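Colleague: Got a predicted structure here, sequence first:
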Amino acid sequence: MRLLQIVRKMSQTASIEQLSALRLKYHERKDAFLEENIKIKDPFVVFRDWLNDALNTKEILEPNAAALATVNAEGKPSNRFVLVKEATTEGFTFFTNYGSRKAEDIACNANVAIAIYWLPLRRSIRIEGVAEKISRDASLKYFHERPRASQIGAAASPQSQRIRSRSSLDEVEAEIKAKLGESGQVPLPNWGGYLVRPSLIEFWQGQTDRLHDRIRFRRGPGVLDEVDGELIHKGENEWVYERLAP
């Protein structure tokens, strides 16, 4: 809890005019994130190890919270937080309403970016890839694993659409509850999952001297031909990795 106390104290004593002076201590040089410490040069393995650290850090309340960036047909970006519900060697899965703004963006431009930041660990992960809908059966299975109140909430909300008021949303929720009764199964609305298949995963670890560690993994057509053993190195499972300046 000491870190949270320090951050809260800083935020309570700093004014808007003092934002540029805010400084948080990061890692020391002895704790640098080095290539030789990565036993298996596969970003999914590194992600799993870092996620385990986050899961075991009590100050991190939602270790699966991630900022998802999309771009619409006009080239305008949009960003919001989602919860990553599955991370496998296939990619990263999140769920949303298929009528939401993010879904509309993905429908016209499937290229997305994800950013995760774990403040207590001074670590961040950036992911770039292509989003695709998962199967309806997989979405349905997860939907009915959610708390019933969350299922009804998803059915009641026309996400990202204009509504008259909060009370109008409550009215729709009440109507659904009345129709289904105490035990009626909530039908799957226009809602489901996206799998983000990554072509780039970058790991960042903060250093107090601001010489932060950045190790980037890439995979895709032609990347293996770039390997030179000096700046670009061959990893596992068709990934290459490289160190970037902070």
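Modeller: Yep, that arrived.

Colleague: Mind giving me the packing neighbours of the longest strand anywhere in the chain?
Modeller: Longest strand in the chain by number of residues (criterion: DSSP state E): strand 191-205. With contacts defined as 3 or more Cβ pairs under 8 Å, 6 or more residues apart in numbering; DSSP states H and E, strand 191-205 has these neighbours: helix 43-55, strand 92-97, strand 123-133, helix 136-143, strand 213-218. To be clear about C-beta, it is placed using only N, CA and C from the backbone, and glycine gets the same treatment.

Colleague: Can you give me the buried ones in it?
Modeller: Applying a neighbour-count criterion of 16 or more other Cβ atoms under 10 Å, one finds 191-196, 198-205 buried in strand 191-205.

Colleague: before we move on, back to that, same list, the helices and strands packed on strand 191-205, but as JSON lines with mean pLDDT, distance to Gln185 and mean neighbour count please.
Modeller: Below are the helices and strands packed on strand 191-205 laid out as JSON lines (pLDDT from 0 to 100; distance: least, Cβ to Cβ, whole Å; neighbours: other Cβ atoms under 10 Å):
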{"stretch": "helix 43-55", "mean pLDDT": "98", "distance to Gln185": "32", "mean neighbour count": "17"}
{"stretch": "strand 92-97", "mean pLDDT": "98", "distance to Gln185": "18", "mean neighbour count": "22"}
{"stretch": "strand 123-133", "mean pLDDT": "98", "distance to Gln185": "22", "mean neighbour count": "19"}
{"stretch": "helix 136-143", "mean pLDDT": "98", "distance to Gln185": "10", "mean neighbour count": "15"}
{"stretch": "strand 213-218", "mean pLDDT": "97", "distance to Gln185": "42", "mean neighbour count": "20"}
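
Colleague: about what we covered before: next, format the buried residues of strand 191-205 as TSV and append distance to Gly222.
Modeller: As requested, those are arranged in TSV below (distance: Cβ to Cβ, whole Å):
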residue	distance to Gly222
Trp191	37
Gly192	33
Gly193	30
Tyr194	26
Leu195	24
Val196	21
Pro198	17
Ser199	11
Leu200	14
Ile201	18
Glu202	19
Phe203	23
Trp204	25
Gln205	29
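
Colleague: circling back to that earlier point, ok now the longest strand of the chain, how far from the chain's centre?
Modeller: Strand 191-205 has its C-alpha centroid displaced from the chain centroid by 7 Å (Cα atoms, centre = their mean, to the nearest Å).

Colleague: Dig out what the spatially most central residue of the chain forms beta bridges with.
Modeller: Central residue of the chain (Cα atoms, centre = their mean): Ala66, 2.7 Å from the mean position. Ala66 has these beta-bridge partners by DSSP bridges: Val82.

Colleague: Give the full set of residues in contact with it.
Modeller: With contact set as Cβ atoms under 8 Å, 6 or more residues apart in numbering, Ala66 has these partners: 81-84, 92, 94, 114-116.

Colleague: Pull out the buried residues from the residues you listed.
Modeller: Buried, going by 16+ other Cβ under 10 Å: 82, 84, 92, 94, 114-116, out of those.

Colleague: Looking at the residues you listed, which is nearest His144?
Modeller: If you rank the buried ones among the contacts of Ala66 by distance to His144 using Cβ to Cβ, Phe94 comes first, at 17.5 Å.

Colleague: Backbone dihedrals for Tyr98, both of them.
Modeller: The phi/psi pair for Tyr98 (degrees, to the nearest 10) reads phi -80, psi 0.

Colleague: separation between His212 and Asn190?
Modeller: With the distance defined as Cβ to Cβ, to the nearest Å, His212 ends up 41 Å from Asn190.

Colleague: Neighbour count: the two, which is higher?
Modeller: Taking neighbours as other Cβ atoms under 10 Å, His212 and Asn190 compare with His212 leading, 19 against 13.
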